[in-house]
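Chemist: compute the structure for the input listed below.
(2 chains)
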Amino acid sequence: MKIVLNLETVNMEQDLINSKTLRIAAIVGSFVCSSAFSGTIDDIKKKGYIQCGVSGQVPGFSSPDSKGVMKGLDADTCRAVAAAVLGDSKKVKFTQLSAQQRFTALQSGEIDILARNTTHTLSRDTALGLNFAPITFYDGQGFMVRKKDGIKSGKELDGAAVCVQQGTTTERNISDYFRKNGMKMKAVIFESRDETLKAYLSKRCDVYTTDASGLASERTKLKDPQNHVILPERISKEPLGPAVRHGDDQWFDAVKFTIYALFAAEEMGITAANIDSDAIQKSTDPNVQKLIGNTVGNGKSLGLTLKEGKKEVSNEKWAYNAIKQVGNYAEIYERNVGPNTPLRLDRGLNALYTNGGLMYAPPIK
Amino acid sequence: MEENKEEKSRIKIILKWLKDNLFYNPLSSFITILIIYGIINILIPSYQWLFVDSLLNGDAEACRKVEGACLAFLKEKTRYILLGMYPQDEHWRPVLNVFIYLALLVFSRDRSRWGKKLLGLWFFFGVFSFFLMRGGIFGLEFVETDKWSGLPLTLMLATVAITVSYPLGILLALGRRSKMGVVRLLSIGYIELIRGVPLISILFMSSVMFPLFLPKGIVINKLLRAQVAIIMFISAYMAEVIRGGLQAIPNGQYEASDSLGLNYFQKMRLVILPQALKIVIPPTVNTSISMFKDTSLVMIIALQDMMYTAKGAMSDPHWLGFSVEAYIFMAVLYFCFCFSLGKYSRRLEKELDTGLA
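Modeler: Numbering: from 1, shown residues only, chains lettered A, B, ... in the order given. Now for the predicted structure:
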């Protein structure tokens, strides 16, 4: 049983993806499937919903609540796309996928979009035949320490004992980081996540390291989460974003700009609550008018249409619907992983570029 | 006086029993004490954890403060763990299904009821439960197989796998002992090939590789693929179990039926198989039990059996950190099913005791 459970841990996913068979399978898949799926949007309209691949087991990104409703940042991303393309954020069906299945599911057409906290890498973008939409969450390996140790930065960790999970890239990253900074460390290695956390709790080590989002969800399991801090350093790059298949640029554009619209809405101060207010609807800012579709053109350029009566008219309200029904990026972030959720993750790299983060939308015009 | 004496003799009997059974010699005394010590050390803390220090009402925050079990977590999540993503308003359907299923099981326990009618009843139930779960007719809302999850899915995977693989296993076992070369080779090849790979790899093939070989636009239901994979796997094992039974039948039985002028099928159906299948009840049940538990492997291809929904329940950000409770709950559920299966097999063995063996 143990082995099976460990398969799910985030870092092993990458090792598994690298395994030869899967890669061959994926390459075969991309040959079979490339160019076979041009009219994704037409298909989606015909069936009336978006099939969205998620994990279902990553707290804050996609996990079912007690009523069986999928919650999380990844889930909400799919909802926003559904609102933009179909006009209704409820028109999305979630397929839960394991780390090994996810790419096949996308290639074989089982799902239309993969929002399963997948790291954007070159090999996935090319050999696996994926197109990555904008990053919705910049993750990376971080450190968690006890607050009373008074450590403020990863650079102060010289000589620390570090709890780390065995055989993962996490282990390599941490030793690289310490070597690069000329510091000494003692790695205390464990097989599973739970064991690692337990060791950290019993003070067998001073630092617990894994991806920051993982640290945050592990921290909520503690009796005294407020006494543990996640240091600001991110020592690896794990940009997570939704992906679609190669070969359908129109669908890719629709997904891409739906996400950009969420960023832009935050930047312009448009929220689900105030989008209908006069301040926004009668705004003199031409960019706002363009985004919410009062100035037409964007929907036509994206090739999005909606049925109105019997006629197909161009869907100028795509961004409006996404923002109105799901919220802008800040709202989605705060709802699922932000400081007021159990995960208590600060925006950090995920803040707008105007606030020192990386979230930046090109002009939507 | 009289009473006192009786009491004394009773005490004597107890003491004698203790001495004979628990404190016969220094070694057995030592082991007894060790075991008592162990039991106390396990039972009392478990009792404490489950009943005394536990919390039944409250949220996750309150639960983390207590030392004992977070029963509130189970209270909140049991429904999800058992029924998963199945639409909440339609939950009566899987619940009804499971109840009818259990009732049918209890009804079928009695051997006097076995017969064509019961078989027909089960077949009818199979069709009925499929449509009850799926909906789309009689005004029931359509629920795609993606949403079938939790306990009903586990029971379905296991039951269908065991029932379908049993006759397949018989055919394969007979095939392997057949005098026709091609049939024998094919059977041997199939059995050895399937037994040579782990279930996980067959599941992976069915869920990851298989879709890539299909012509574009054709998507075969994920659940069906997994179910077929499990059936393929378990029938190879069933075949070997049944072959064991066939080999245990003395040659005289074969010769006797030949001399009666029975043809191959009559011989097998009337003489050999009834005896052989009886002998192999224990290993058959053994395979069934291990199959029932192995269905939890479908988790890795993200079919949402009980184990998967339990993991889903554990990853709700509002209820993180109660995996012990969830796993123990799972263990209890699995134990209940497997234990009753084993118990029933012992009863069958007794009832069907042929004196042969």
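Chemist: for chain A, identify the residue most remote from the centre.
Modeler: Going by C-alpha atoms, centre = their mean, the residue of chain A most distant from its centre is A:Lys310, 37.0 Å out.
Chemist: ignoring the adjacent residues along the chain, who's closest to the residue in the stretch 151-300 of chain B positioned nearest to chain A?
Modeler: Using C-beta to the nearest C-beta, the single residue of the stretch 151-300 of chain B nearest to chain A is B:Pro211, 4.1 Å away. For glycine as for every other residue, the C-beta is placed from the backbone atoms N, C-alpha and C. Sequence neighbours aside, A:Ser108 is the residue nearest to B:Pro211 in space, at 4.1 Å (criterion: C-beta to C-beta, 6 or more residues apart in numbering or on different chains).
Chemist: tell me where the stretch 151-300 of chain B has helices.
Modeler: Secondary structure of the stretch 151-300 of chain B (DSSP state H, counting those that start in this stretch): helices at B:151-176, B:181-195, B:199-204, B:210-213, B:222-248, B:251-259, B:264-266, B:273-279, B:281-294.
Chemist: pLDDT value on the residue nearest the centre of chain B, please?
Modeler: When C-alpha atoms, centre = their mean is applied to chain B, the residue found nearest the centroid is B:Phe292 (3.1 Å). B:Phe292 is assigned a predicted lDDT (pLDDT) of 88.
Chemist: repeat that for A:Val10.
Modeler: You'll see A:Val10 listed with a pLDDT of 38.
Chemist: how many other residues sit next to the residue of chain A found nearest chain B?
Modeler: Taking C-beta to the nearest C-beta as the measure, chain A has A:Lys221 as its residue closest to chain B, at 2.9 Å. Counted by other C-beta atoms under 10 Å in any protein chain shown, the residues lying close to A:Lys221 total 21.
Chemist: report how many residues lie close to the residue nearest to it when sequence neighbours are not counted.
Modeler: Counting by C-beta to C-beta, 6+ apart, A:Lys221 lies nearest to B:Gly321, which is 2.9 Å off, once chain neighbours are set aside. Counted with other C-beta under 10 Å, the neighbours of B:Gly321 add up to 23.
Chemist: surely B:Gly321 and B:Glu61 touch.
Modeler: No - between B:Gly321 and B:Glu61 there is no contact under C-beta atoms under 8 Å: 11.0 Å.
Chemist: check which helices and strands the helix or strand containing A:Lys300 sits against.
Modeler: Using DSSP states H and E, A:Lys300 sits within helix A:298-302. Helix A:298-302 sits against helix A:249-268, helix A:318-326, with contacts defined as 3 or more C-beta pairs under 8 Å, 6 or more residues apart in numbering or on different chains; DSSP states H and E.
Chemist: could you dump stretch A:104-121 to PDB, C-alpha only?
Modeler: The C-alpha trace of stretch A:104-121 is given here as PDB (Å, rounded to 0.1, in the frame of the first residue of the first chain):
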ATOM      1  CA  THR A 104      -2.600  10.700 -22.100                       C
ATOM      2  CA  ALA A 105      -6.000  11.900 -21.000                       C
ATOM      3  CA  LEU A 106      -5.300  15.200 -22.700                       C
ATOM      4  CA  GLN A 107      -3.700  13.700 -25.800                       C
ATOM      5  CA  SER A 108      -6.500  11.100 -26.300                       C
ATOM      6  CA  GLY A 109      -9.200  13.800 -26.100                       C
ATOM      7  CA  GLU A 110     -10.700  12.500 -22.900                       C
ATOM      8  CA  ILE A 111     -10.300  16.000 -21.400                       C
ATOM      9  CA  ASP A 112     -10.200  19.400 -23.100                       C
ATOM     10  CA  ILE A 113      -7.900  21.200 -20.600                       C
ATOM     11  CA  LEU A 114      -5.500  19.900 -18.000                       C
ATOM     12  CA  ALA A 115      -5.400  22.000 -14.800                       C
ATOM     13  CA  ARG A 116      -3.600  19.600 -12.500                       C
ATOM     14  CA  ASN A 117      -0.900  21.700 -11.000                       C
ATOM     15  CA  THR A 118       1.400  20.700 -13.800                       C
ATOM     16  CA  THR A 119       4.900  22.300 -14.000                       C
ATOM     17  CA  HIS A 120       5.600  24.000 -17.300                       C
ATOM     18  CA  THR A 121       8.900  22.500 -18.700                       C
END
